[in-house]
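Peer 1: Structure here, sequence nowhere to be found:
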């Protein structure tokens with residue numbers, strides 16, 4: 001396939017399988033970026049300051065999101081069909097019965113696992129509410145397996161003694177593998193995968209497991225956080241890994257492996273939170289041009305034929321979604337990434353992309 005001859009590509013409208021939109025004023029600032037990217041919907045992360053850990057909180061949050069969507073499209077119809085797929089923030093307290101009740105009532109489409117140590121330290125905003133006793137959640141996993149509720153896992157070891165660049169593979173071996181062995185029919189999504197060893201496992205495992213992959217983890221290796229000095233704009237969790245891991249993950253994606261799908265993990269933070277010399281916030285904002293960024297990666301790897309499945313098809317059934325009947329077109333046309341959106345520093349700000357969603 002000669003990519004140089006391709007001036008445009010048309011694929012079904014896409015679905016973001018991992019998105020942070022925050023709440024309140026921040027949500028109103030960043031949500032239009034995803035809506036303008038023609039996503040049919042997104043899996044909304046529940047790690048607010050007050051985590052979405054009950055049926056009532058999930059329903060209230062979805063209503064706030066819908067109000068924000070309506071405000072963007074006042075007097076319009078285009079893209080107003082965006083569907084926020086809500087998730088439950090799994091805690092040590094919620095019962096299996098409540099997890100199933102929320103799923104049956106449509107309060108959430110999946111359960112998000114964040115882990116925390118005994119002091120409430122973990123790898124995300126709101127980690128103080130994360131799971132501290134994973135074995136204590138096995139009854140929940142049993143109920144999820146029985147009722148077809150997917151587990152969306154941030155698999156990183158949280159103990160301080162674990163090397164930062166090995167957190168993912170340690171959690172894979174210690175946490176994820178025993179879960180899959182105990183619950184072989186549980187649908188699991190390995191979120192924002194970064195480690196080549198974890199990618200090998202997902203690709204080859206005899207289990208119902210898939211993985212989301214971000215733009216940043218296909219673009220950055222760990223040097224980019226330190227080159228020329230500290231670069232907090234490139235700091236996210238999980239942190240980028242060695243170049244060999246970046247290449248391995250990217251090869252699985254652009255070769256068209258069906259177990260890997262687009263999940264931006266676009267995570268907005270005010271620039272003051274991203275520029276702290278101590279306690280810098282982890283998160284990269286890519287929602288402004290996610291489609292164009294992914295397209296550029298596939299073009300670089302001479303693999304545009306695999307872009308559509310990655311963005312718009314792979315394992316959507318896990319979230320109760322179908323491939324969209326509507327299409328979107330990306331043209332070979334120059335676009336410039338903005339510096340800021342609503343006070344949020346944008347990833348690769350000021351650089352030029354060679355694709356434009358039209």
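Peer 2: Sure thing, it's come through. Quantities reported herein were computed from a predicted structural model and do not represent experimental measurements.
Peer 1: Look up the closest residue to residue 22, ignoring the ones flanking it.
Peer 2: The shortest distance from residue 22 to any residue that is not its chain neighbour, by C-beta to C-beta, 6 or more residues apart in numbering, is 6.1 Å, and that residue is residue 268. For glycine as for every other residue, the C-beta is placed from the backbone atoms N, C-alpha and C.
Peer 1: Sorry, slip of the keys, the one I care about is residue 221.
Peer 2: Distances taken as C-beta to C-beta, 6+ apart put residue 243 closest to residue 221, at 4.3 Å, once the chain neighbours are dropped.
Peer 1: from what I can see that neighbour touches residue 220, true?
Peer 2: No. With contact defined as C-beta atoms under 8 Å, residue 243 and residue 220 do not form a contacting pair (9.7 Å).
Peer 1: Which residues are in contact with residue 197?
Peer 2: Contacts for residue 197 (C-beta atoms under 8 Å, 6 or more residues apart in numbering) come out as 169, 172, 245.
Peer 1: closest to residue 85 among those residues?
Peer 2: For the contacts of residue 197, the residue nearest residue 85 by C-beta to C-beta is residue 172; the value is 25.0 Å.
Peer 1: Do I have it right that the closest one meets residue 201?
Peer 2: Yes. Residue 172 is within contact range of residue 201, at 6.1 Å (criterion: C-beta under 8 Å).
Peer 1: quick one on the thing from earlier: what separation is there between the residue nearest to residue 22 and residue 24?
Peer 2: 12 Å (C-beta to C-beta, to the nearest Å).
Peer 1: quick one, which of those two is more surrounded?
Peer 2: Set residue 268 next to residue 24 and count neighbours by other C-beta atoms under 10 Å: residue 268 wins out with 27 against 10.
Peer 1: picking that back up, ok, how many other residues are close to the residue nearest to residue 221?
Peer 2: The burial count assigned to residue 243 is 12, neighbours taken as other C-beta under 10 Å.
Peer 1: What does the pLDDT read for the closest residue to residue 320 other than its chain neighbours?
Peer 2: Closest residue to residue 320 in three dimensions, ignoring its sequence neighbours and counting by C-beta to C-beta, 6+ apart: residue 109, at 5.7 Å. pLDDT, residue 109: 98.
Peer 1: Quick check: residue 109 touching residue 319?
Peer 2: Yes. Under the contact definition of C-beta under 8 Å, residue 109 touches residue 319, with a separation of 5.1 Å.
Peer 1: list the residues that contact both of these two?
Peer 2: When contacts are counted by C-beta under 8 Å, 6+ apart, residue 109 and residue 319 are jointly contacted by 43, 85, 150.
Peer 1: Quick one: neighbours of the residue nearest to residue 320, just the number.
Peer 2: Residue neighbour count, defined by other C-beta under 10 Å, stands at 24 for residue 109.
Peer 1: Who are the contact partners of it?
Peer 2: Shown in contact with residue 109 (C-beta under 8 Å, 6+ apart): 43, 85, 86, 87, 103, 150, 319, 320.
Peer 1: and with 6 Å instead?
Peer 2: For residue 109, the contacting residues are 85, 319, 320, taking C-beta atoms under 6 Å, 6 or more residues apart in numbering as the criterion.
Peer 1: Neighbours of the residue lying closest to residue 179 once chain neighbours are set aside, how many?
Peer 2: For residue 179, ignoring the flanking residues on the chain, the nearest one in space by C-beta to C-beta, 6+ apart is residue 141 at 6.2 Å. In terms of burial, residue 141 registers 23 neighbours under the definition other C-beta under 10 Å.
Peer 1: Would you mind confirming that residue 141 is in contact with residue 181?
Peer 2: No. Between residue 141 and residue 181 there is no contact, the gap being 11.4 Å when judged by C-beta atoms under 6 Å.
Peer 1: SS state for the residue nearest the centre of the chain?
Peer 2: Nearest to the mean C-alpha position of the chain, by C-alpha atoms, centre = their mean, lies residue 18 at 2.7 Å. What DSSP: H, G, I helix; E, B strand; the rest coil gives for residue 18 is strand.
Peer 1: Name all residues that make contact with it.
Peer 2: With contacts defined as C-beta under 6 Å, 6+ apart, residue 18 is in contact with 43, 191, 212, 263, 265.
Peer 1: and the third one, how many neighbours?
Peer 2: Residues within reach of residue 212, counting by other C-beta under 10 Å, total 23.
Peer 1: per-residue pLDDT, it?
Peer 2: As predicted, residue 212 sits at a pLDDT of 98.
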